[in-house]
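Engineer: sequence-free structure coming up:
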């Protein structure tokens, strides 16, 4: 199926999505990679607030290249999601609605997605220049000293993603692998 969804992602939208669905996201999302996740975890350990509200919001695992003249952001392709796995269950428990990245997730993250009614989306790796065309605005909101790994607030329109792990425990990477194996037998 194909859906157009406004962010932040509602519990109802997350619940209707199934692994393999094509989704076009419009609204506000946030970027954070390894170093930003580590800082957020440290802030939480100190009892501090996070630099953004997690409630049903989406974190895109991405660090952009410099913006070209007249553009809000440079190439904006996804990074490998598993590097954030040790931090993700805690963020999902705090209300994070979805993540965008590439690659497989740990079982702990997949279980937490189901527990919290969330979604894991994949963006196409290697298509960062094309994905950046869906980003209308970009501003650093925290950890500016981290450079490309700073937390950014992005305004996006029709940002294309695929549901990899849905809120019912379906995982596109596993189901498609099983289909492929059956076809090879």
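Structural biologist: In hand now; what should we look at? Computed from a predicted model, the values in this text were never measured in an experiment. Numbering: from 1, shown residues only.
Engineer: so how many other residues sit close to residue 41?
Structural biologist: Residues near residue 41, counting by other C-beta atoms under 10 Å, number 15. Just so you know, the C-beta spots here come from the backbone N, C-alpha and C atoms, and that holds for glycine as well.
Engineer: what about it, which helix or strand?
Structural biologist: Secondary structure from DSSP states H and E places residue 41 in helix 34-45.
Engineer: for that helix, which positions count as buried?
Structural biologist: Buried residues in helix 34-45, counted by 16 or more other C-beta atoms under 10 Å: 34-40.
Engineer: out of those residues, who's nearest residue 156?
Structural biologist: Checking the buried residues of helix 34-45 against residue 156 with C-beta to C-beta, the nearest one is residue 36 at 18.4 Å.
Engineer: ok, the closest one - contacts?
Structural biologist: Residues in contact with residue 36 (C-beta atoms under 8 Å, 6 or more residues apart in numbering) are 142-143, 146, 149-151.
Engineer: Now with 6 Å, please.
Structural biologist: Residue 36 sits next to 143, 149, 151 when contact means C-beta atoms under 6 Å, 6 or more residues apart in numbering.
Engineer: Kindly provide the distance from it to residue 19.
Structural biologist: According to C-beta to C-beta, to the nearest Å, residue 36 and residue 19 sit 27 Å apart.
Engineer: What of residue 26?
Structural biologist: Distance, residue 26 to residue 19, by C-beta to C-beta: 22 Å.
Engineer: Please identify which of the two sits among more neighbours.
Structural biologist: For residue 26 versus residue 19, the count of surrounding residues by other C-beta under 10 Å is larger for residue 19: 21 against 16.
Engineer: max-length strand in this protein?
Structural biologist: What stands out as the longest strand in the chain, according to DSSP state E, is strand 151-165.
Engineer: Would you mark the buried spots in it?
Structural biologist: Applying a neighbour-count criterion of 16+ other C-beta under 10 Å, one finds 151-156, 159-165 buried in strand 151-165.
Engineer: Pick out the most distant pair among those.
Structural biologist: For those, the farthest-apart pair by C-beta to C-beta is 155 and 165; their separation is 25.4 Å.
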